[in-house]
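**Q** The sequence and its predicted three-dimensional model are supplied below.
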Amino acid sequence: MVGSAAVASIMAQILVENLTKTFRVAKRRAGLWGAVTGLVQRTYHDIPALAGIDFTIEESELVGYIGPNGAGKSTTVKILSGILVPSAGRCEVNGVIPWKNRLQHVQNIGVVFGQRTQLWWDLPVIESFEVLRAIYRIPAAVFQKNSARLIELLQLQELLDIPVRQLSLGQRMRSDLAAALLHGPRLLFLDEPTIGLDAVSKLAVREFIKMLNRDDGVTVILTTHDMDDIEALCRRVLVIGRGKIVSDGSLAALRATVSHERRLIVDLVNAQEVVEEPTARVVERHGRRVELAFDPRVISPAQLISRIAAKHAIQDLFVEHPPIERIIADLYAKHGELDI
Amino acid sequence: MKRFLPYRAVVSARYRMLLQYRAAAFAGLVTQCFWGAIRLMIVAAFYAASTQTQPMSLPEVVVYIWLGQAFFGMLPWNIDEEFAQKVRDGSVAYDLLRPVDLYAFWYSHALAYRTAPPPFGPSLWGAWLSWCSPASVWRSGR
């Protein structure tokens, strides 16, 4: 092992180098005859899910992992959690190769797949917890402590005796989060944990994730399509597209790589006025509200505001970043990822 | 015994789960009893019509049939739909996330599925049935 790599593997909690995963899929031929000949003779084609990705994640980081559908997010999470075996590359989590030491590895991680549940569908929540206690061989005292805390934080007290099938999606997600953390993992993978949740549940889940990371120092890797999740939670964002990491850094840095553009939204007193400004372009206009896009490197917000204020009577105004959805969509488009 | 802790928990959880559906359990019981009764009546009719001595006495056959009905659920003639479902919808991923031997884990699932209490219902029910009323005729074996 090379010296620097060895050091890196000691330092980082997750180390991923040139990770590649190719799925081999049999080609389907059309029609009944195609299906019959497919039984005898098959042609395969390779679908690259991950085309060599690299990153490291340190202990106690909260990383957002985003990308369009089919970009390879879930594949990465599955490799990192030891479910899938990659085609090539190196990957170590806590110094362990996930798929080689699966039993040892999974003891120390928690995983939540937002689209499915790990609870026993027909059993009351508390009984699922009990089964997990046995499966993870959690000592009674530790289980007592962890479950009491999770039940309190996620407000599960009232749900404990209800069969999982009768829970609402938000209640189920909270229970699922607790289930993933009963054994006190230091690393948590969340695959779309807020999918389909209502606003209140989303906030509750976000608040909990934030607290878990901040107070307990649990490393969290979060994949999501909800940009509000990213905005609210993640200091670092990894963007994947077509199996490659296309951006890795803070949200601000991500914004800067795509565009420096900011928005100035002005409510005019008079709806008939036309706003024309050489350094800014009008993006939208609804009645009295004008939305201008400008580059702060060309003109400072203060300058722009005073220029407009000099020419027009203004009722209200504010400056904002372009919505993160826009940034991500631009980034995907840049990498030829946007399906139109 | 600590080694088996996870697997015991799985078997017990699965039992509780399978016993949740009272209507299904009851329907299973009725079906098993019904089939048992049909088989019994056929055999009884043959025994009544035959003049030769049979290798098994009728009471023995009655016991044999009810045992067969009781253990019918344990025969591996069908598959546990839950596994198929898990593979199809991808929840099998969660099974791989457990720090347990996958084979033993699934084996304990299957074990619970095959031995869940309802199948034993027919044996008790059948034993009682064969004991009362017309069964006394069969018991005599003629």
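**A** Happy to help now that I have it. Nothing here was measured: the structure is a model prediction, and the numbers come from that model.
**Q** Residues of the stretch 151-300 of chain A that sit close to chain B?
**A** A:P163 (CB under 8 Å from any CB of the partner chain). In this view, the C-beta of every residue, glycine as well, is placed from N, C-alpha and C.
**Q** what about the helices in the stretch 151-300 of chain A?
**A** A:169-181, A:199-216, A:227-233, A:251-258 (DSSP state H, counting those that start in this stretch).
**Q** Doesn't A:A51 belong to a strand?
**A** Yes: the assignment for A:A51 is a strand, going by DSSP: H, G, I helix; E, B strand; the rest coil.
**Q** Now do the residue of chain B most remote from its centre against B:M41, distance only.
**A** Outermost residue of chain B with respect to the C-alpha centroid, by CA atoms, centre = their mean, is B:T51; its distance is 34.2 Å. The gap separating B:T51 from B:M41 is 20 Å, by CB to CB, to the nearest Å.
**Q** got it, and B:V11?
**A** 36 Å.
**Q** Chain B: strands as residue ranges?
**A** Secondary structure of chain B (DSSP state E): no strands present.
**Q** who's in contact with the residue of it found nearest chain A?
**A** For chain B, the residue closest to chain A is B:A9, as judged by CB to the nearest CB, at 3.3 Å. B:A9 makes contacts with A:130-131, A:133-135, as judged by CB atoms under 8 Å, 6 or more residues apart in numbering or on different chains.
**Q** Save the helices of the stretch 151-300 of chain A as a markdown table, and put in mean pLDDT too.
**A** Shown next, in a markdown table, are the helices of the stretch 151-300 of chain A (pLDDT from 0 to 100):
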| stretch | mean pLDDT |
| --- | --- |
| helix A:169-181 | 94 |
| helix A:199-216 | 92 |
| helix A:227-233 | 87 |
| helix A:251-258 | 79 |
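**Q** in chain B, which spans are helices?
**A** With helices called from DSSP state H, chain B shows them at B:5-18, B:22-49, B:58-71, B:81-89, B:92-96, B:102-115, B:121-131, B:135-140.
**Q** what's the angle from the first one to helix B:22-49?
**A** Same thing as helix B:5-18. For helix B:5-18 against helix B:22-49, the angle by axes from the mean of the first three to the mean of the last three CA atoms, to 10 degrees is 80 degrees.
**Q** Convert the C-alpha atoms of helix B:5-18 to CSV, please.
**A** The C-alpha trace of helix B:5-18 is given here as CSV (Å, rounded to 0.1, in the frame of the first residue of the first chain):
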residue,chain,number,x,y,z
LEU,B,5,-30.9,-15.0,19.5
PRO,B,6,-31.5,-13.3,16.1
TYR,B,7,-33.0,-16.4,14.5
ARG,B,8,-35.3,-17.1,17.4
ALA,B,9,-36.5,-13.5,17.3
VAL,B,10,-37.3,-13.9,13.6
VAL,B,11,-39.2,-17.1,14.0
SER,B,12,-41.3,-15.6,16.8
ALA,B,13,-42.0,-12.4,15.0
ARG,B,14,-43.0,-14.3,11.9
TYR,B,15,-45.4,-16.4,14.0
ARG,B,16,-47.0,-13.4,15.5
MET,B,17,-47.3,-11.9,12.0
LEU,B,18,-48.9,-15.0,10.5
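**Q** For burial, what's the neighbour tally of the residue in the stretch 201-340 of chain A that chain B sits nearest to?
**A** Residue nearest to chain B within the stretch 201-340 of chain A (CB to the nearest CB): A:T223, separated by 13.9 Å. Neighbour count for A:T223, taken as other CB atoms under 10 Å in any protein chain shown: 24.
**Q** ok, what's across the strand from it?
**A** A:Y65, A:D191 (DSSP bridges).
**Q** which secondary element of chain B has the worst mean pLDDT?
**A** Least confident helix or strand of chain B, by mean pLDDT, DSSP states H and E, is helix B:135-140 with a mean of 48.
**Q** what residues does chain B put near chain A?
**A** B:2, B:5-6, B:8-10, B:13, B:16-17, B:20-21, B:89-91, B:93-94, B:96-101.
**Q** Whichever strand or helix holds A:H45 pairs with which strands, and in what direction?
**A** Taking DSSP states H and E as the criterion, A:H45 maps to strand A:44-57. Strand A:44-57 sits in its sheet next to strand A:14-26 (antiparallel), going by DSSP bridges.
**Q** what's next to the very next helix or strand once past the partner strand, contact-wise?
**A** Downstream of strand A:14-26, the next assigned helix or strand under DSSP H and E is helix A:31-40. Contact with helix A:31-40 is made by A:26, A:28-29, as judged by CB under 8 Å, 6+ apart.
**Q** among these, who's most crowded?
**A** A:R29 (15 neighbours).
**Q** Number of residues surrounding the closest residue in space to it that isn't next to it in sequence?
**A** Closest residue to A:R29 apart from its sequence neighbours, by CB to CB, 6 or more residues apart in numbering or on different chains: A:G38 at 5.6 Å. A:G38 has 14 neighbouring residues, counting by other CB under 10 Å.
**Q** Just name the closest of the contacts of B:A9 to chain B, please.
**A** Closest to chain B, out of all of these and judged by CB to the nearest CB, is A:A134, at 3.3 Å.
**Q** Provide a list of residues in contact with the closest one.
**A** B:5-6, B:8-10.
**Q** A:V246 contacts A:L331, correct?
**A** Yes: under the criterion of CB atoms under 8 Å, A:V246 makes contact with A:L331 at 6.5 Å.
**Q** Need the residues touching each of these two.
**A** A:V239.
**Q** what about the two, which has more around it?
**A** A:L331 (23 against 18).
**Q** Now do the SS call for that one.
**A** Quick answer, by three-state DSSP: A:L331 is helix.
**Q** How about it: what's its closest non-neighbour residue?
**A** Here the residue nearest A:L331, using CB to CB, 6+ apart, is A:V258, at 5.3 Å.
**Q** Next: A:L212.
**A** A:V218 (5.0 Å).
**Q** how many other residues sit next to that neighbour?
**A** Neighbour tally, A:V218, other CB under 10 Å: 20.
**Q** How about A:G70?
**A** By other CB under 10 Å, neighbour count at A:G70 equals 15.
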